[in-house]
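A.B. asks: Have a look at this prediction, sequence included:
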Amino acid sequence: MERLWGSRSLEEQAEVLELLSRRLGPNARLQGPRGGPGVRLMMLLEEVYRRALADADWSVVRRSAGAMGLVHPQLEDALTDLLVRQKQVVVGRNYTRDSLITHPEGSLTIAAMVRRFSGEDGREWMLQQELLLALDGMARSDAELLSGSLTLQLGQLLLLLTGELATEANLSPSEAFEALCRLPPHAIRRRLRLVLADVEHARASLQRKEQLHLRGRVRWEVPDPLAELPKDGGWLKHRMRLGALQRVPKDFYPGIWDLLHHCPGIVIGDKLERRNRLESAPLLREKTPGEKNFAILVEHLLSKIEAPEYRRLCIETLLTLLAFVAANPKVQFDDDIVLDVVIGHAVRVGWQQRHPRVPAADYGQHKAEAWDLFYRSSPADCRRWQLLALQELTDGALAA
């Protein structure tokens, strides 16, 4: 609150209000500056929203709209129209059965699903609402753009837009997301049209940005993890239990500190959220491997991941990376290691290994099954697929 009352920046005010809204709820009352009368948080958000609209500051407009929980009333009509045209919609980042919409839903339900399956940044929620409306408009005016797509993935389209912008301006994913948030709605629609006109080019741009550059000779043989067979319910339920408890091995946090010696940073959770990055240089300079504050920082980033089973996958992926650098103590990554990227590619690798006769180009139609397969597979299988994914992502590595 001190930061809020002392700020003259509309962008900073919006970000602080979003954080306060997340912690206290939008209906909270804040104590006024210098002990003055209290003020409703929602009233402040509305004021910032109006000022940002007047200034055409679209990043602030979207952030404050997300914090206020604004919902476009035509989401329901847009979804229904797309469903009538034999399309189905996936909201959020990850393709799961729960995030797949195959039946008409009300606007409030659609917006709630977007929030549930997306990152914590309200601007992403509003962008996905905009994308749904834009897709409906294109389906009406230029149906050919969507002719090859049965499933429209809002989160994936957002990543493709970000990837294109990152390539154009040579930005990191989080910088490109910031730039995208600043664009007006008509510019978002124009970019979406260009992406849909050449999806393969957009995917190639995203893949280039996800590429990892590795220096040093590499051994890809890494020991399998020690994992007891789950007593009941299989690996998915086992991961849900462990993820809910957020249980990690004894030397996990010192291992992460050591991993930071091999890369400029690690991104845990939503890769478009700049605060989810562990930056190696300052952390290694200011903290020690056994320091409690470092463990709390890593634990905080993991705890922000809503789904316990995905939280567990992130922990397993970190353990794979720890085993990899233990087997390769001299290797150096020149890029940030983004867990979302490694896991996403590992899911695809696992599916293709189990279904070698399915053409690689058809993978998009099987994403929900692929994620389900991954969650239900043993940690040893998942580690092998993670290493294969890492091998695909690396560029110029020399096998030992």
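C.D. replies: Cool, the structure landed.

A.B. asks: Helix or strand: which one has Leu17?
C.D. replies: helix 10-24 (DSSP states H and E).

A.B. asks: how far out from the middle of the chain is the next helix or strand after that helix?
C.D. replies: Using DSSP H and E, the helix or strand that directly follows helix 10-24 along the chain is strand 29-30. Chain-centre distance of strand 29-30: 31 Å, with Cα atoms, centre = their mean, to the nearest Å.

A.B. asks: Kindly report the same for stretch 191-208.
C.D. replies: Counting by Cα atoms, centre = their mean, stretch 191-208 is centred 18 Å from the centre of its parent chain.

A.B. asks: How about stretch 79-86?
C.D. replies: 26 Å.

A.B. asks: Quick check: buried residues in that stretch?
C.D. replies: Leu79, Asp81, Leu82, Leu83 (16 or more other Cβ atoms under 10 Å). C-beta: built from backbone N, CA, C; applies to glycine.

A.B. asks: who touches that stretch?
C.D. replies: Stretch 79-86 is contacted by residues 89, 101-105, 110, 132, 135-136, 139-140, 143, 146, 150, 152 when judged by Cβ atoms under 8 Å, 6 or more residues apart in numbering.

A.B. asks: Equivalent analysis for stretch 351-358, please.
C.D. replies: If you take Cβ under 8 Å, 6+ apart as the criterion, stretch 351-358 is touched by Ala360, Tyr363, His366, Glu369, Ala370, Leu373, Phe374, Trp385, Leu388.

A.B. asks: hang on, the earlier thing: adding secondary structure, distance to His72 and pLDDT as columns, could you present the buried residues of stretch 79-86 in CSV?
C.D. replies: Below are the buried residues of stretch 79-86 laid out as CSV (DSSP: H, G, I helix; E, B strand; the rest coil; distance: Cβ to Cβ, whole Å; pLDDT from 0 to 100):
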residue, secondary structure, distance to His72, pLDDT
Leu79, helix, 11, 96
Asp81, helix, 14, 95
Leu82, helix, 15, 94
Leu83, helix, 17, 94
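
A.B. asks: Show me which of the residues you listed is closest to Cys181.
C.D. replies: Leu79 (23.3 Å; Cβ to Cβ).

A.B. asks: can you tell me how far the closest one sits from Leu283?
C.D. replies: 43 Å (Cβ to Cβ, to the nearest Å).

A.B. asks: Ok, Pro254 next?
C.D. replies: 13 Å.

A.B. asks: Check Leu388 too.
C.D. replies: With Cβ to Cβ as the criterion, Leu388 and Leu283 are 29 Å apart.

A.B. asks: residue contacts, the nearest residue to His345 once chain neighbours are set aside?
C.D. replies: Residue nearest to His345 in three dimensions, not counting chain neighbours: Ala389, with 3.7 Å by Cβ to Cβ, 6 or more residues apart in numbering. Counting by Cβ under 8 Å, 6+ apart, Ala389 touches Val342, His345, Ala346, Arg348, Val349.

A.B. asks: Read off the pLDDT value for Ala389.
C.D. replies: On pLDDT, Ala389 comes in at 94.

A.B. asks: can you tell me the helix or strand for it?
C.D. replies: helix 379-393.

A.B. asks: and that helix, which residues are buried?
C.D. replies: Neighbour-count burial for helix 379-393, with 16+ other Cβ under 10 Å as criterion, is recorded at 379, 381-393.

A.B. asks: Distance to His300 for those - can I get that in JSON lines?
C.D. replies: JSON lines is the format used below for the buried residues of helix 379-393 (distance: Cβ to Cβ, whole Å):
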{"residue": "Pro379", "distance to His300": "24"}
{"residue": "Asp381", "distance to His300": "30"}
{"residue": "Cys382", "distance to His300": "24"}
{"residue": "Arg383", "distance to His300": "25"}
{"residue": "Arg384", "distance to His300": "30"}
{"residue": "Trp385", "distance to His300": "28"}
{"residue": "Gln386", "distance to His300": "23"}
{"residue": "Leu387", "distance to His300": "28"}
{"residue": "Leu388", "distance to His300": "30"}
{"residue": "Ala389", "distance to His300": "26"}
{"residue": "Leu390", "distance to His300": "25"}
{"residue": "Gln391", "distance to His300": "31"}
{"residue": "Glu392", "distance to His300": "30"}
{"residue": "Leu393", "distance to His300": "26"}
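
A.B. asks: which helices and strands sit right next to the helix or strand that contains Ala67?
C.D. replies: For Ala67, the host element (DSSP H and E) is helix 58-68. When contacts are defined as 3 or more Cβ pairs under 8 Å, 6 or more residues apart in numbering; DSSP states H and E, helix 58-68 sits against helix 10-24, helix 41-55, helix 122-141, helix 173-181.

A.B. asks: Dump those helices into TSV; add distance to Ser205 and mean neighbour count as well.
C.D. replies: Formatted as TSV, those follow (distance: least, Cβ to Cβ, whole Å; neighbours: other Cβ atoms under 10 Å):
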stretch	distance to Ser205	mean neighbour count
helix 10-24	27	18
helix 41-55	30	17
helix 122-141	18	22
helix 173-181	10	21
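
A.B. asks: Quick one: those helices as a markdown table, columns for mean pLDDT too.
C.D. replies: Output for the helices and strands packed on helix 58-68, formatted as a markdown table (pLDDT from 0 to 100):
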| stretch | mean pLDDT |
| --- | --- |
| helix 10-24 | 93 |
| helix 41-55 | 95 |
| helix 122-141 | 94 |
| helix 173-181 | 91 |
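
A.B. asks: pLDDT below threshold where in the stretch 101-250 of the chain?
C.D. replies: 227 (pLDDT under 70).

A.B. asks: And the helices in it?
C.D. replies: For the stretch 101-250 of the chain, the helices defined by DSSP state H, counting those that start in this stretch cover 107-116, 122-141, 154-169, 173-181, 185-197, 199-210, 234-245.
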